[in-house]
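Novice: Pasting the sequence and the predicted model now:
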Amino acid sequence: MSPSNSLRDNNFDLLRVLFAVIVFFVHAYVLSENDLLAPFSIFLSSEIAVKSFFVVSGFLIFMSYENSRSLKSYTSKRIHRIYPAYFSIVVLCALLGVFISSVSVSDYFSIDWLKYLLANLLFLNFLHPELPGVFSGNIIHAVDGALWTLKIEVMFYLSVPVLVWSMRKWGRWQMLLALYIASLAYVVLIEVWGIRTGSGIYLELQRQFPGQLMFFIAGAVLYYYLDLFKQHWLWLLTLAVLIMVIRHLVPVLWLEPIALAIIVIYFACVFPWLGNFGKYGDFSYGIYIVHFPILQVLIAEGMFESSPMMALSFAAFLVLACAYLFWHYIEKPFLRSSSHYVEVNRD
């Protein structure tokens, strides 16, 4: 399966934008706590959207590695895809934050500012998520709380060469199954320790790299066994939907990642192609990394209190505009001309 063919004839671009938009709408309610926006949190799930992102990453990143000429080529592609936009949003927030900070300029550009900049540039957002005097009056003080998933993505990127090597040495399905079980065991053990100690830190640890690995591996399983999946997709999809429906009633945690992967990859690779959704650019990454600080600024200015729907519309406009600018002036220039993200824009 060549990367060009598989990526031209599927709905991954559309799905990623959909997942990013879902996260945006849910965060609009979570950050503002405006009752008029509560339906977004009721009918949409940012948790499922983020896990779906991890599934898609598992499918596409393993494919990227398998189709790379060398480890250097793979590493270069991954750095160019994720870091320019990530670096830009972190630096922009750090520099522009001074204009909305409640502290003086001298107090703003302090050691805490430097800690924020360094921690976030190194994907260690959890160490210093706040800027001095920025969003201190908001419900949540983090500048860009959505960035926590990016360090997990980076850990996925780093692990793939080792995982592929181990699969070639000890067997593909054996290693995929072992990694899936290990990730699941980590989640269960962390939850047990959390219940016993009553400490909330375990909930944070549970959603970190080892715990999310099973969704990444589930995506990899569907990549490696895509032909087999396509042969039996109907009954697998039916079973997967049933599992996702009953997961809150029946303890099927161990089946949720693979069930979600089946649903996501079905719509990406089996469902009829809905056209070249990435023709005008891949805006999903931009939407994801810029929406949080934009919402925070509008909330800090009181716009969501006076007119939440108008504020939401304005936020959506700003997010899309920034995503467009990020793609065309930051993301795309750093990509190779042979990249799928660049090629689809030529159609």
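Specialist: Received, thanks.

Novice: Low-confidence ranges, the protein, go.
Specialist: Where the chain drops to pLDDT under 70, the residues are 1-8, 199-200, 202, 204-206, 336-347.

Novice: contacts for the helix or strand where Leu222 lies?
Specialist: Assigned by DSSP states H and E, Leu222 falls within helix 209-224. Contacts with helix 209-224, where a contact means Cβ atoms under 8 Å, 6 or more residues apart in numbering, come from 51, 54-63, 151-152, 155-156, 159, 163, 172, 176, 179-180, 182-184, 186-187, 190, 205, 229, 257-258, 260-262, 264-265. C-beta: built from backbone N, CA, C; applies to glycine.

Novice: If we use 6 Å, what do you get?
Specialist: Taking contacts as Cβ atoms under 6 Å, 6 or more residues apart in numbering, the residues outside helix 209-224 that touch it are 51, 54-55, 58-59, 62-63, 152, 155-156, 176, 179-180, 183-184, 186-187, 229, 257-258, 261, 265.

Novice: Filter the residues you listed down to just the ones in helices.
Specialist: Using DSSP state H, the members of the contacts of helix 209-224 that fall in helices are 51, 54-55, 58-59, 62-63, 152, 155-156, 176, 179-180, 183-184, 186-187, 229, 257-258, 261, 265.

Novice: filter the residues you listed to the buried ones?
Specialist: Buried by 16 or more other Cβ atoms under 10 Å: 51, 54-55, 58-59, 62-63, 152, 155-156, 176, 179-180, 183-184, 186-187, 229, 257-258, 261, 265, out of the ones in helices among the contacts of helix 209-224.

Novice: can you give me the strands in the stretch 51-200 of the chain?
Specialist: Using DSSP state E, counting those that start in this stretch, the stretch 51-200 of the chain contains no strands.

Novice: those helices in it, which residues are they?
Specialist: 71-96, 105-108, 111-121, 148-170, 172-197 (DSSP state H, counting those that start in this stretch).

Novice: now those in a markdown table, with distance to Val23?
Specialist: Formatted as a markdown table, those follow (distance: least, Cβ to Cβ, whole Å):
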| stretch | distance to Val23 |
| --- | --- |
| helix 71-96 | 15 |
| helix 105-108 | 29 |
| helix 111-121 | 19 |
| helix 148-170 | 9 |
| helix 172-197 | 21 |
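
Novice: So which of those is nearest Asn276?
Specialist: helix 71-96 (19.2 Å; Cβ to Cβ).

Novice: Packing partners of the closest one?
Specialist: If contacts are counted by 3 or more Cβ pairs under 6 Å, 6 or more residues apart in numbering; DSSP states H and E, helix 71-96 sits against helix 111-121, helix 284-300.

Novice: make it 7 Å
Specialist: helix 46-66, helix 111-121, helix 148-170, helix 284-300 (3 or more Cβ pairs under 7 Å, 6 or more residues apart in numbering; DSSP states H and E).

Novice: Redo those helices as JSON lines? Include distance to Val91.
Specialist: Below are the helices and strands packed on helix 71-96 laid out as JSON lines (distance: least, Cβ to Cβ, whole Å):
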{"stretch": "helix 46-66", "distance to Val91": "23"}
{"stretch": "helix 111-121", "distance to Val91": "7"}
{"stretch": "helix 148-170", "distance to Val91": "15"}
{"stretch": "helix 284-300", "distance to Val91": "12"}
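
Novice: just the ones you listed: most buried one?
Specialist: helix 284-300 (a mean of 24; mean count of other Cβ atoms under 10 Å).

Novice: State the next helix or strand along the chain beyond that one.
Specialist: helix 303-306.

Novice: which residue packs closest to Ile22, ignoring adjacent ones?
Specialist: Ala49 (4.2 Å; Cβ to Cβ, 6 or more residues apart in numbering).

Novice: That neighbour and Tyr65, how far apart?
Specialist: When distance is defined by Cβ to Cβ, to the nearest Å, Ala49 is 25 Å away from Tyr65.

Novice: Check Tyr186 too.
Specialist: Taking Cβ to Cβ, one finds Tyr186 at 23 Å from Tyr65.

Novice: do the same with Ser183
Specialist: Counting by Cβ to Cβ - Ser183 and Tyr65 are separated by 19 Å.

Novice: Next: Trp173.
Specialist: 18 Å.

Novice: Could you do Leu18 as well?
Specialist: Leu18 is 25 Å from Tyr65, by Cβ to Cβ.

Novice: Ala146 too?
Specialist: 25 Å.

Novice: Tell me who's in contact with Ile287.
Specialist: 17, 20-21, 24, 319, 323 (Cβ atoms under 7 Å, 6 or more residues apart in numbering).

Novice: wait, doesn't Val164 sit right on Ser64?
Specialist: No - taking contacts as Cβ atoms under 7 Å, Val164 lies outside contact range of Ser64: 10.9 Å.

Novice: show me the contacts for the residue nearest to Ile22.
Specialist: Ala49 touches 19, 22-23, counting by Cβ under 7 Å, 6+ apart.
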